[in-house]
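Student: return a 3D structure for these sequence lines:
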Amino acid sequence: MRKVSVLIGFLLLVGMGLTLVAQEQDLPPIMKEVPTTMASLRKNLDAKSAADVAKDAGKLQMLFTQAAGIFKAMKVRDAVEQSKAQAERAGAIVTAANANNLDAAAEPAGAIQKACKG
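Tutor: You can find the predicted model right below:
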């Protein structure tokens, strides 16, 4: 019975470890998409294309939300909070762009850009 309990415990630890490794592997593609999407957002803000701004901001919101989930599983609280804050800012951009208020979208876009560089 003890051997079975040890085996179950070991398999549980291996499963948890594999889950964390898989989540860490999911993070690099997300982080590579953020600068590309952010550049597109900036370009579309400059072009005054509200529909494209909303699309880019929606993608950023999704990416930051995914990153927050990965950071949460990794128990990196600061990164979770930062990702959630950027997702909220991206949501504010979507709202402003859908209202065709690109001036209001510029401030949170700048804040995201600053946070991602710094």
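Student: where's residue 65, which helix or strand?
Tutor: Here residue 65, judged by DSSP states H and E, is contained in helix 50-73.
Student: tell me the angle the following helix or strand past that helix makes with helix 50-73.
Tutor: With elements assigned by DSSP H and E, the helix or strand that comes after helix 50-73 is helix 77-98. Interaxial angle, helix 77-98 versus helix 50-73 (axes from the mean of the first three to the mean of the last three Cα atoms, to 10 degrees): 160 degrees.
Student: quick check: mean pLDDT across helix 77-98?
Tutor: Mean pLDDT, helix 77-98: 96.
Student: show me what it is packed against.
Tutor: Applying 3 or more Cβ pairs under 8 Å, 6 or more residues apart in numbering; DSSP states H and E, we find helix 77-98 packed against helix 50-73, helix 102-117. (Each C-beta comes from the backbone N, C-alpha and C, glycine too.)
Student: in CSV: those, plus mean neighbour count and mean pLDDT.
Tutor: As requested, the helices and strands packed on helix 77-98 are exported to CSV (neighbours: other Cβ atoms under 10 Å; pLDDT from 0 to 100):
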stretch, mean neighbour count, mean pLDDT
helix 50-73, 20, 96
helix 102-117, 16, 92
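Student: in TSV, list the ones you listed along with distance to residue 86.
Tutor: Shown next, in TSV, are these (distance: least, Cβ to Cβ, whole Å):
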stretch	distance to residue 86
helix 50-73	4
helix 102-117	5
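Student: nearest residue to the residue most central in space within the chain other than its sequence neighbours?
Tutor: Per Cα atoms, centre = their mean, the C-alpha nearest to the average position across the chain is that of residue 64, at 1.3 Å. Once flanking residues are discounted, residue 64 sits nearest to residue 87: 3.8 Å by Cβ to Cβ, 6 or more residues apart in numbering.
Student: and residue 93, which of the helices and strands packed on helix 77-98 is closest to it?
Tutor: helix 50-73 (3.7 Å; Cβ to Cβ).
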